[in-house]
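Asker: Please find the sequence and the predicted model below.
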Amino acid sequence: MSLLSPENFKSYRDYNLDGKKLLVRIDINLPISREGKVESFYKVRKYIKTIEVLGSSAIVLMSHQGRVGDDNFVSLEQHGEYLYNILGDRFRFVMDVIGEAAIKSIRDLEPGEVILLDNVRLLSEETLKGSPEKLANTIFVSRLSKYFDYYVNDAFGAIHRSHTSLVGFPVVLESMIGPLMEEELGTLDRLISEKDSCAFILGGAKLETKIKVMENILSYNPNAVFLLGGMISTAMHAFYGSIPKKEAQGILNKLDPKLVEVCREIIEKFGDRIYLPVDYRYVRDGVLVEKSISEYREGDEIQDIGAKTVEKYLDIVKDFKNVFINGPMGIIENSLTRWGTDEILKGVAKLNIFKVVGGGHMVSSLEKLGLLERYDYVSTGGGSLLTLLSGELPKPLEMLRR
């Protein structure tokens with residue numbers, strides 16, 4: 001059992017919530033098209049279980065959507081319409097957060113009924129910086145908290161942020177983790193446990209974040225290995241010396257020297273448990289090129305992994321009990337360079353092992369491939385997953401420890 005075991009946190013299971021009024025923070029921050037339409041309601045569907053488990057209570061849901069100023073900063077009205085289609089007349093969306101309409105709806109709410117408040121980031125206090133005690137004194141928290149018996153944090157995908165709706169309410173209300181948070185933490189606990197072997201397939205571009213995850217897991221679990229893709233593999237090849245020295249130096253010069261030193265230390269300690277692509281693909285002038293890593297030259301952009309790497313990675317993973325995939329193997333916005341990501345997802349789906357995927361890009365890829373049901377667990381987290389796997393316990397979760 002690791003620090004992330006659900007047993008370490010106050011849980012909805014510890015309380016008699018029948019007939020109580022619950023403020024439930026969820027994370028239904030969804031992908032939005034340029035036209036302002038929701039592209040996937042997967043994360044909303046994940047909360048149906050939460051609503052059913054807490055169904056004998058009066059439930060008020062709240063979430064954020066997007067960032068102020070970005071195209072995905074929209075009302076939760078579409079989210080509400082989707083929930084209404086599932087839950088029917090016991091559900092209502094309120095186009096308000098702390099105003100008269102919200103307060104009246106909360107006051108009138110009966111056990112068995114559910115309402116969803118509008119985007120909490122419509123309030124500037126949501127992203128205010130400060131201690132939990134300071135954020136508990138905001139108008140946001142002080143106005144809403146008086147109407148509730150308990151606060152439930154089920155927003156796994158947002159747990160890495162110390163925003164007001166995540167850390168302010170636990171100061172003034174008895175608080176706990178919810179059913180989805182329990183599931184997510186239990187899955188992570190299984191993946192990093194020393195007793196089980198796990199292959200971590202990491203892609204994407206954020207080298208610093210992924211390095212922290214590698215350092216933590218490889219130190220903690222001697223039965224874990226990492227298979228790298230995406231832009232992080234480019235940097236790691238430069239450290240390993242598997243690409244020509246001149247080209248490698250050009251890559252290293254663009255990185256923070258402290259990060260370079262950390263990477264080299266990880267390679268020295270755990271190099272035999274880190275696997276890198278042996279070939280790569282990129283598009284130049286509309287033509288797809290595939291090369292061996294030894295042929296890398298400055299100017300090449302590693303946009304995808306090649307066929308030999310896919311074969312190698314799937315051969316490694318099949319011998320493990322668990323696999324966790326986070327981050328694309330290449331640039332998935334281009335059909336020519338999403339091939340490696342799709343092949344890894346399809347290949348792993350066929351294996352008879354415990355399969356976990358996390359991160360928005362990977363979830364949408366699984367949806368497009370029709371493979372969601374072939375994976376044992378599809379996480380709602382992205383940044384939160386990586387934060388927890390790197391060994392950090394973020395403030396919103398720390399506040400709920402037993």
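Answerer: On my side now, so go ahead.
Asker: in this protein, which helix or strand is least confident?
Answerer: When the helices and strands of the chain are compared on mean pLDDT, DSSP states H and E, helix 245-252 comes out lowest with a mean of 76.
Asker: List of residues touching the helix or strand containing E182?
Answerer: In this structure, E182 sits in helix 179-192 according to DSSP states H and E. Contacts of helix 179-192 with the rest of the structure, by CB atoms under 8 Å, 6 or more residues apart in numbering, involve 1-2, 4-6, 9, 11-12, 26, 46-47, 49-50, 53-54, 153-156, 159, 177, 196, 198, 200, 217, 220-221, 224, 322, 324, 354, 356, 377, 379-381, 385, 388-389. Quick note: C-beta positions are derived from backbone N, CA and C, even for glycine.
Asker: and the residues you listed, which are buried?
Answerer: 2, 4, 6, 9, 11-12, 26, 46-47, 50, 53-54, 153-156, 159, 177, 198, 200, 217, 221, 224, 322, 324, 354, 356, 377, 379-381, 385, 388-389 (16 or more other CB atoms under 10 Å).
Asker: before we move on, what SS does the closest residue to V94 other than its chain neighbours have?
Answerer: By the measure of CB to CB, 6 or more residues apart in numbering, the closest residue to V94 outside its immediate chain neighbours is S105, 4.8 Å from it. Of the three states, S105 takes helix under DSSP: H, G, I helix; E, B strand; the rest coil.
Asker: burial measure for S105, as a count.
Answerer: Here the number of neighbours of S105 (other CB atoms under 10 Å) works out to 18.
Asker: in terms of contact, does it touch I115 like I think?
Answerer: Yes - the pair S105 and I115 passes the contact test of CB atoms under 8 Å, sitting 5.3 Å apart.
Asker: Next, show the common contact partners of those two.
Answerer: Contact criterion CB under 8 Å, 6+ apart; residues bridging S105 and I115 by contacting each: R92, V94.
Asker: Contacts only, for I201.
Answerer: Under the criterion of CB under 8 Å, 6+ apart, the contact partners of I201 comprise F226, L227, L228, G229, Y313, V317, V323, F324, I325, N326, I344, V348.
Asker: Export those to CSV and append columns for distance to I192, pLDDT and secondary structure.
Answerer: Output for those, formatted as CSV (distance: CB to CB, whole Å; pLDDT from 0 to 100; DSSP: H, G, I helix; E, B strand; the rest coil):
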residue, distance to I192, pLDDT, secondary structure
F226, 13, 96, strand
L227, 16, 95, strand
L228, 18, 93, strand
G229, 21, 90, coil
Y313, 20, 98, helix
V317, 17, 97, helix
V323, 13, 97, strand
F324, 9, 96, strand
I325, 15, 96, strand
N326, 13, 93, strand
I344, 21, 97, helix
V348, 19, 98, helix
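Asker: T234 versus the residue of the chain positioned farthest from its centre, what's the distance?
Answerer: Here the chain has its C-alpha centre computed as a mean, and the residue farthest from that point, by CA atoms, centre = their mean, is K246 with 36.5 Å. Distance check for K246 against T234: by CB to CB, to the nearest Å, it reads 15 Å.
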